[in-house]
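**Student:** With the input below, show me the fold.
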Amino acid sequence: MYAVIKTGGKQYRVQEGDVLRVEKLDAETGKEIKFDDVLMVGEGDSIKAGADAAKASVTGVVTESGRGQKIVVFKKRRRKNYRLTQGHRQSFTSVRIEKIKE
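**Tutor:** Numbers count the residues shown, from 1 in each chain. Modelled structure (predicted):
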């Protein structure tokens, strides 16, 4: 069975046992978290979407919180003596999906 959940402005297709990195959530490592914003639930030919899937929920356990690799943002305008370097590290939360409830 799989489900499509929405968190952090993105959509993820998950199954039981999957580990996924989502935008930072306010939860400590080892805590259980519940995703109520389920867009679709399905297995084989039986698929529920819309109002039927809104009743479903997905639970997971937070395995890790941290920050990703640093990316470098470099801007330059030629012949104008303009150079700008910025860096960014995105915070993430790693979640292991435990149960999908219809």
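
**Student:** Just want the most central residue of the chain.
**Tutor:** Val22 (2.7 Å; Cα atoms, centre = their mean).

**Student:** Tell me how far that residue lies from Arg83.
**Tutor:** According to Cβ to Cβ, to the nearest Å, Val22 stands 34 Å off from Arg83. Where you see a C-beta, it was placed from the backbone N, CA and C, and this is true even at glycine.

**Student:** Also Glu16?
**Tutor:** Applying Cβ to Cβ, the value for Glu16 to Arg83 is 49 Å.

**Student:** what's the worst-scoring helix or strand of the chain on mean pLDDT packed up against?
**Tutor:** The weakest-scoring helix or strand in the chain, judged by mean pLDDT, DSSP states H and E, is helix 51-54 (a mean of 87). Counting contacts by 3 or more Cβ pairs under 8 Å, 6 or more residues apart in numbering; DSSP states H and E, helix 51-54 packs against strand 38-43.

**Student:** So Glu16 and Arg83 - more neighbours on which side?
**Tutor:** Glu16 (15 against 9; other Cβ atoms under 10 Å).
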